Structure formats: structure tokens, C-alpha cells
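> compute the structure for the input listed below.
(chains A and B)
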Amino acid sequence: MEQFLTYASGRYLKISLLLTVIVSIIYVMHEPGQPKNGGTWFGYTIGTISALLIVWLMYFGRRKRAYYSTLGTVKGWLSAHVYLGSGLLVLATLHTGFQFGLNVHTLAYALMCIAIFSGFYGAWAYVYLPIKKRANLKTISAEEYYLSIEDVDRQIIKLSKELPAPLKLMINSAIERTEIGGDLFDQLSIEDKSCLLFNGELYANEDQSGCIHLLVEELAKVTDQQSAIQLKQLIDLFGRRKKSLKTLRYHIKTNALLKLWLYIHVPVSFALLAALIVHILSVFIYW
Amino acid sequence: MTKQYKVVVIGAGPGGISAAAHAAELNISHVLLEASAKIANTIQKYQKGKHVMAEPSILPLRSPIAFEAGKREAILDEWQQGLLDNKVNIQYNAAVVNIDGEKGDFKITLANGDVIQAEFIILGIGVQGNPRKLGVAGDDAKFVQYTLDNPDDHKNETIVVVGAGDAAIENAVVLANNNKVFIVNRRDEFARAKEGNLNLITAAIDNGEVECCYNTNPHRIELTPKRDKPGIFVLKTASGEIQVPVDRIIARLGAIPPRALVESFGIEFPNSDPNSIPVLSAKYESNVPGIYVIGALGGYPLIKQAMNQGYEVVEYILGNDINPADHPLLESKLEHLPFDLDVDQTLAMMQTKIPVFTPLSALTFREVMLDSQVHVFEPNVEIFKKNDYTNSFYTILAGDVNIVIGDRVIKSTQGNFFGEMSLISGRRRSATVMSGDSCIVIETPRRTMIKLITSVDAVKRVLDETFIARTIQAKFAPKIPIEQLQPIVSKAQLNQYRANEVLFSEGDEANCLHVIRSGSVTVSKKVGDKNIPMSYVAANNVVGEMGLLGNTVRSATITATVKTETISLDSDSFNDLLAKSPTLRETMELEVKQRHLENTKLELESESGDILSFLMQQGLGEATDVLLINEDTCIGCDNCETACAATHGGTSRLNRKAGPTFAHVHVPTSCRHCEDPSCMKDCPPDAIHRGGLGGEVFIDDSCIGCGNCERNCPYGVIQMEYPKEKNSNFWNWMFFDAGEKPGENKVKDGDNIKKAVKCDMCKDIDGGAACVRACPTGAANRVSPENFINVVNL
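Numbering: from 1, shown residues only, chains lettered A, B, ... in the order given. Predicted coordinates:
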């Protein structure tokens, strides 16, 4: 099925390429009789085009939420947003005439670059992260992983009922103190901060290994067959738990990455809009 | 002493209380017998504070008892008051076990042995039935109950819940919060329960909140008035008897349908179909003279209808020939017709002119006409178009119509019918129909016709025969008149298959072909020792012709994906057809060639086949249009859900995260617009329809919030929701934080009821499905089963 990058056989890629090539040729050809920058007739032209393009690119946020709109599809708009946004990089750079300084004009340009490059990351993320996400989940959905953990927990609690009290408490604490998700940093680092209580002391339980370790130790000690079978089953269940948790941690991280870049892209775009207004006003006032 | 009455009303539901009150008002000697301790059993069982609707709103109420839409409690109070005000003679806990005698001298025997004499009997016992009793010694004890009104009334009790269904589980789990609860299950698992309830009860048992006795039967109940628990419940387990001292026993064992009881009174049903209703005259009289049937038992499930019937039936008993309350509705429906006849005469004329309606009783036909529309067409008007998704049934009252199949036009005249193909298969129209000269047709909705087919055998037979004849003609011999096909038609067979039943297997001898009449099948081939599905074949297509043409063995296995009906033709009949129409072999061979090509398109890769079987397992074999999400491109932004909510009053009708996934295909919880929708089966106000162009199944504004469709949908795609406020303007939200986010509307203030909402395929929105149009990466797509192959072969 068609992707946003290949939408309408790359219609907006072609438009964007054509636009930037034409503009670049004119930039090279024209001889304004003064330094090439935003102040020439051509500089004004591409400046105006770029400013309008920025406003239109930002309008994507509205179109995405205009659920009754029949003006194309959001997929088509995203395709145009990505390719014309990329074209903007060329247009605006030529508009600067490669004159940079410590001023509001260069600030606007820098903000624009941040917005565009974060957008590049976003486009990459939108194409590749879902595939990685799926490969991680294998054939079932994240919801099904959560359900399977719930199921495993139920079985663990049932099995642990007949164990000696310290072990039972340890197992309960291992389940209760399992950490997944958390704040943004936790989500991205996928560090397992799970822990457990054993004989009144707190131990780390990364990848459920603490718990499994204690159960294995207990297994070495028991002599009757019944308890041995039970402990083996418990170890097995914690093994399954560990696997599902690991898959979900990676899933949560990928989901965070899919959203994270927008927290740069969108605010920077608004900052760019503000800087752009200042840039335009100051150019006209100090002319 | 035997008491004697002119009228005995059995069942104090809406119909019964209305009849009894009208009899009381007219000073007729009467008694109203109610098996339970309260009036209106079915309504009593509604949850507290439930809003009861008074549909159909155009129908006037005709009863001495008041009824307006409102809260369950207010309505019940008002009815109770109405019974008092009218001085109705009501007898509670009076279950009728037998009726003997005849009109003028009936003898009614009650469960306690009393006998009551009656001249006329009005039967309004509904269809819910009485709860199934425990059936053990001592089950009449005070602490044995069959319903649970308010779980908060019980604290610190020992309660045994008997049963393994949803009601038993729900009761046990909620009571476990404040009580010691046992649940008694005859079997070793909770096989009948819904998934959600199964999880609830397993969790409760694992956590020790509920103690479960598997493989256990109730044995007897002993009263122990001198101890602190009023009784002992003796249970028989696999390992012997156990005794549980109890405060309360709640038995949730389902209900006994009232049909057997009604039949024991001598009242006949037309066939064994559980949905069929007794045959009644236009005056609600059954085949037993003097016994009248009203309300849901007689096929009228709405409260207002039943109350009107209660009034009318008393008038009929008195010999007053009043018009039914729905008379004005029929009058307005028929007034534009060019006949100089009154309503009853028009209806009678229709029944004589249209053979398919002739076997109906006058009352049944009246009901059919209440649901139907009569159209008077100018010549050459399109009645429906080929590939339309409509599915109503048409009969020709006068003039003729032209049926356009390809380049041929067939004339059909007065008394004939058309549109039965889509009615039965649930698929699109197979031909275009234009009106002819002086054309008057009756259009009957699908729901009404389905009800008719299940209750009147003659109608089913005529429709089936015509369907087979027309299918054979359309598929194999379009140039041959139907009369000449009759010998073949009479040999054709109608077959029914359950889901996953095999029609024929690879390697079998090829002896017949199947035309799929409803449902769908998958074609699979053996690769190694595994059966790999290769394609999906929808209704109205042919399977098995490859084997017949080649006169060989079957090259693939055909399996029904859902409940499927086919028409089968044996090889002799098929050879007859080949001889009759010389071009048939050629066209069939062409079709076979195409099928071969299609099959190779789906390479015999194990994953593709697995995805196809996954889709079939999700019940998509009965879908006509389903939302699928490609997990390889879904970024999880939920813009599809927000789009749905924003365009549908703030409630998303799809749940992206929920639902199963296999490989890259995710089936979110969202309506798949089934071919034969389960939700439509039991909608009292008939608010669920199948749409025109897209075939969408949607719910209109007349929903009364009963929740039947939510319960009947096997895929959980219908929700009960409060109406919500309109959202503020986007820019106001964006810049001034005014109002709610798009798609997150506030629930409306005031006394509103929850109504059923579901996907309507954005039928009222320009541009089509909002979820698909709002997806930024193209992951969300609506797909019809014919195109599943494209999804699988990404």
C-alpha cells in the first residue's frame, strides 16, 4: 500500500525538485549589480515565497485536525509538507545570500533549520520505527503482551500460595515492584529499575534476574519432588514475564521516539513564526 | 369453590395490565393472573433508573393506564397506581399450569391447585419465560432467589450462586466484595461465559474471593431455623457430598422459554423455528377460539403496541369491531393509491393479487404492511440499480416492471416479486429494475421479510424455489426461459454449512458444483501436510466448477468461513446446462482460467495463507467492509480515533489499540458491516438499517437504548454512550483554550439516556471514511473481503 513518501508517485517530490532547481538556476544566472541577498528583486521574490511556504507548512497542524475537510487527504498533505518543507531549506538559504550574522534574521534562519532537520528525523521515524516496532512485537499486539503478563502473574500468585512465607512475600514484591514505562527519560533509557524485597531488604531485580536467582537457589535446596516441580514452573513463568517485559519496554521506547521529535518540531516552528514576523517588520522599518 | 370470570388475563405485563384495566373500567368480571410477586416482570429486571422509551412515537396510546417515556421506577409506580385507580382484580404468585375447556367455559389450573373458570382468556406472558428453578428438595425456601436486585443489600452473608453463565458470574463477583461467596458449576469450566466475565471469575477464584465448586450439582436444601444460618445447602461433588451453611442461595440458571407452556394450551406455532410466533387472526385470536394472544408473545415487542392491543382485545371480546390504533397509520400509507377502497378492503385486495402474501393471516399481513411502503411509479423510473446495497423486497401490485440484466430486459407483471436475491444473500443488487406502465409496487424491509420467512413456511418455500431458479438462470443460462430450466431447478439442492465445515476436500471425486447463496468460503490447498488458504469467495459466486468441467477430482478444499448456504447442482444437471447453452462451456472455462491466475497471484507462502486464515478467524468472512491497520506504517498517533470522534458527536466508534494483530495486519475494534448483521436481529424500534450506496449498517435516531444490539454483536463494536455537547471552534480552542480538544466533547447535561453508537461508514460525511482520510501515513484502510488478497500480499 502507498506510503506518504510515495504518495501519488512522489508528486510533491517532483514539484519540490523542480522549484528548487529553477530557483537555483536563476540565483546563479542573475546579476543584481549589488551583493546577492534578500534585498534584490529576486531576493524579495524567494523571500516572499519562503514566508508564505512557512505559513502554509504550519497550516498542516490545522489540516490534520480538520476532520470534515475534503481538500485532499492527510496523507497527501503530509507528503506535500515533507517535500515542500525540504525545498524550503534551499529557497531560504538562497534568500540569505549566504550572509549570516548575530541578528534576528539569522536567528529566524537557524530556527527554520532546526524545524526542518527535526522534520527530517520525524519523516525517518515515521517510515522506519513502525517496522522496528512490529519486528519487536513479532506477530501479536502490545495489548496481548500486557494480557499475557496479567495471565502469568495470576498463575504465579496461585503457585506461590503454598511456598514458605519469605519466598511468597519475595515473589509478591517482585510482581508489585516491577517497573515499566515511567517518565520520558525512563521510557527512552529502557533501564529496568524493578526491584524486590527479600527478608526485609531491597534488591535490584533487573530482567527479573534477582527473583529467578533466588528461586533457583531455593530449588537447589528442596528435596521433595512436588516443591521442585512448583519452583521450576515459577522460574519458567518469571522467564516468560521477563521476555514480555523486555518486548514492551522496547515498544514503549519506540512509541516515545515517535512522539518526542514533535516536542522540538512544533515549538521551534512557532518560534520561527515569531522570528519571521520580527525579521519582516525590521526589514521594512529599517530600510 | 371455583371462581368464575368473563375475562381472565394471564400475565401482568404492559398488555395484560392494559387489558385488565380496560375490563375493570367497563365493569366486566375479570382477574389478572401474575406468576411472580410483581407486575411487569421484564421491566422490573431493567437496571435501576433505566430510561424506558415510548416508541413508536407516532402511534397514539389507547389504554386506561398511562404510559410515557420515563424512568423505570416512575413507569412502574404509575402502572401500579393505574391498577388501583381502576380497581383491577389482580392475583400475584398465580402461575398457570394448565388450560382446559373451550370458549365460554375454560378451566384454568394454577400451580397451587386452584381452578378458575373463564369465558375468554387473554394471554400476555411475553417471551422472557420463567426462571429455571433449582429443582431440588427445599428449593421453595425463603432464602432461595432467582434474581439479584441490589447487591448492596447484602453484607457479611454466606451466599451460594448456582450457575455458570454471565448472570451467575456477574452476581458472584459483585457479591464477593462484602460477602463470602461460593459459585456452583455443574461442569469443569465456564464455557458459556463472555470473555470478559471469564477473566473476572478466574481472577476472583484465583485470588480466593470466590470459592468455586466445579463438577458439582445442587442436591437438597435443609432448613435450620435454630442455628444462625437459616439453611444448609447440600451439594454433590465428584468426591462426595458437602454441606454449606448459607444465608442465601441465588440460582441463575437461565429461563424456560414459554413456548412449551403455550403449546400445552393447544395454541399452534407454524414451525419449530424458535423465533416463530403463533398464528393469530386480525383480532389477535389464536387457533383456540376464545384464547387471545397479545404483546411480545404475539410478535409485538414494544410496550405501547402491547398496551393498545390489551385495550383492543377487550373490545373485540365484547363484539365491538373497533379499528386498531395503528389504523390511521395504514390509512395515510394507502391514501395515495388509485383504488376506491377502505383500508381493510385494500389489504384484502393486496393479499388476493399477490400470491406470496396470500398464505398470511390478516393480522400478519397487516403488520407487514405497517412496515412496508407502497410506491406508485411513473413509467421508466429506476427502482433500484445493479450493485446497490439495498436489500428490501418488492412485490408488484399493479402494472409491470422491467428487470435489466446486462443487455437483456425481462418483464415482470402483477403478482410477481423481485429483489429476493439481495434479501437472502445480503449482497448487492444483481440487476437494475425500472418501472413499467401503471406500476404500483410494495416495498417491504428486510427485517420484516426475514421475520416472515421464519414464521410462515409457505413464504420461505416460494422464495427459496424462485431464488434457485433465478440463480441458475442468471449464472448458467441467461438466454433460456425459466420454464425450460424447471427439471434442473427441481433437482438442485439447498445446503447449509456451519462455520469451518468443509464443502468438499482436495482429492474428492468432483460430482457437483455450488453456488454460494449466503455466507462465504475459503479455497485452500495442501502444501506438505498443511492446508494453506489461497483465496476467499463471497456469496453469489460459483465454486467446484473446475472439477466438473475437467471431470476430475477436486483440486482444492472449500471451507465455509461463516454460516453458509449454497445451491448445489449435480454433474448431470450441469451437463444438461452445457448442452442447452452452447456458450456456457466457453465462459466457464474463461472464469476457471481467471481463477487459476488469481490463485497463483497468492504465492504459496506460508505467511500469506496464515494471514488469510487469521482474518477468517476474526469473523471477517461475513464482513462487507472492514477497517484494517497496517502495523508496518502505523505510527500510533490515534488521529483515526480523533477523526471518528470529531465527526460523530464526540464518541469514537473505533478502538485502534484493541483487537487482534497478526504479522502486519491489525484488526481494530470497529464495525465490519456484516453481510447478515447480528445487531439487526433484535432491535425493538427497528432502528438499525443497511444503507444505500456503501452497504453500511447504521443506527438511526429512534434507538431506545435497550442495548440488545450491543449484546448481540459478536465483535463488541457497538457501545452505549450518552449524547455529548457540540465542540467549540478549533481556533478558539487553539488560541484561547476555550472548550474541549477536537473529539473530546463533554457529555450533555440533563436527563439523557445512553444510546447505541457504532461506525456508520461516514455515510453523511463528504469524502467518506474520516478515519482513513485522517491517517497521515496511509496505515488505515477500509477493505472489502474481495480485496483481502491485496492486504495479505503487501
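
> C-alpha from now on. contacts and neighbour counts both.
OK.

> state the phi and psi torsions of the nearest residue to residue B:634 once chain neighbours are set aside.
Once flanking residues are discounted, residue B:634 sits nearest to residue B:779: 5.1 Å by CA to CA, 6 or more residues apart in numbering or on different chains. Backbone torsions of residue B:779, given as degrees, to the nearest 10, read phi -80, psi -30.

> equivalent analysis for residue B:577, please.
Dihedral angles (degrees, to the nearest 10) for residue B:577: phi -60, psi -40.

> quick one: the helices in chain A?
Ranges of helices in chain A, per DSSP state H, are A:11-29, A:41-65, A:74-96, A:104-137, A:142-160, A:165-176, A:184-189, A:209-221, A:225-260, A:262-285.

> list the buried ones in the shortest one?
In other words, helix A:184-189. Neighbour counts using 16 or more other CA atoms under 10 Å in any protein chain shown place A:186-188 of helix A:184-189 among the buried residues.

> next: the longest one.
Buried residues in helix A:225-260, counting neighbours by 16+ other CA under 10 Å, are found at A:228, A:230-231, A:234-235, A:237-242, A:244-259.

> and the helices of chain A as JSON lines, adding distance to residue B:534?
Formatted as JSON lines, the helices of chain A follow (distance: least, CA to CA, whole Å):
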{"stretch": "helix A:11-29", "distance to residue B:534": "35"}
{"stretch": "helix A:41-65", "distance to residue B:534": "38"}
{"stretch": "helix A:74-96", "distance to residue B:534": "31"}
{"stretch": "helix A:104-137", "distance to residue B:534": "24"}
{"stretch": "helix A:142-160", "distance to residue B:534": "27"}
{"stretch": "helix A:165-176", "distance to residue B:534": "45"}
{"stretch": "helix A:184-189", "distance to residue B:534": "42"}
{"stretch": "helix A:209-221", "distance to residue B:534": "45"}
{"stretch": "helix A:225-260", "distance to residue B:534": "32"}
{"stretch": "helix A:262-285", "distance to residue B:534": "43"}
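
> got the contact list for residue B:780?
The neighbours of residue B:780, taking CA atoms under 8 Å, 6 or more residues apart in numbering or on different chains as the test, are B:627-630, B:634, B:640, B:771-772.

> I'd like the distance from stretch B:491-503 to the chain centre, please.
22 Å (CA atoms, centre = their mean, to the nearest Å).

> start to end distance for it?
18 Å (CA to CA, to the nearest Å).

> now do stretch B:742-756
Using CA to CA, the two ends of stretch B:742-756 sit 22 Å apart.

> quick one: contacts for the residue of the stretch 201-350 of chain B found nearest chain A?
Residue nearest to chain A within the stretch 201-350 of chain B: residue B:206 (6.2 Å; CA to the nearest CA). Residue B:206 makes contacts with A:154, A:157-158, as judged by CA under 8 Å, 6+ apart.

> that one and residue B:404, how far apart?
Residue B:206 is 65 Å from residue B:404, where distance means CA to CA.

> and residue B:784, by the same measure?
26 Å.

> follow-up on the earlier one: what about chain B: which of the buried residues of helix A:225-260 touch it?
Here is what survives when those are matched to chain B using CA under 8 Å from any CA of the partner chain: A:255, A:258.

> for whichever residue of the stretch 501-650 of chain B sits closest to chain A, grab the count of nearby residues.
Nearest to chain A, among the residues of the stretch 501-650 of chain B, is residue B:632, at 4.7 Å (CA to the nearest CA). Residue B:632 is flanked by 21 other residues according to other CA atoms under 10 Å in any protein chain shown.

> that one touches residue B:666, doesn't it?
No - look at residue B:632 against residue B:666 with CA atoms under 8 Å: they stay out of range, at 9.9 Å.

> center of chain B - which residue?
residue B:681 (1.5 Å; CA atoms, centre = their mean).

> circling back to that earlier point, would you list the buried residues of helix A:184-189 in TSV and tack on distance to residue B:84 and pLDDT?
Output for those, formatted as TSV (distance: CA to CA, whole Å; pLDDT from 0 to 100):
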residue	distance to residue B:84	pLDDT
A:186	69	89
A:187	68	90
A:188	71	90
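
> closest one of these to residue B:283?
Nearest to residue B:283 among those: residue A:187, at 72.0 Å, using CA to CA.

> residue A:244 versus the closest one, what's the distance?
Distance, residue A:187 to residue A:244, by CA to CA: 16 Å.

> what do you get for residue B:390?
48 Å.

> same question, residue B:30
In terms of CA to CA, residue B:30 sits 70 Å off from residue A:244.

> point out where the chain drops to low pLDDT.
Going with chain A. Residues of chain A meeting the criterion pLDDT under 70: A:1, A:287.

> please refer instead to chain B.
In chain B (pLDDT under 70), the answer is B:1, B:47-49, B:192, B:194-196, B:275, B:551, B:598-606, B:692-694, B:793-794.

> circling back: by neighbour count, which of the contacts of residue B:206 wins?
Ranked by neighbour count (other CA under 10 Å), those have residue A:157 at the top, with 17 neighbours.

> isn't that one right up against residue A:172?
Yes - when contacts are counted by CA under 8 Å, residue A:157 is listed as touching residue A:172 (7.5 Å).

> tell me who's in contact with the residue nearest to residue B:425 when sequence neighbours are not counted.
The shortest distance from residue B:425 to any non-neighbouring residue, by CA to CA, 6+ apart, is to residue B:518 (4.4 Å). The contact partners of residue B:518, by CA under 8 Å, 6+ apart, come to B:424-426, B:539-540, B:564-566.

> understood, closing this out.
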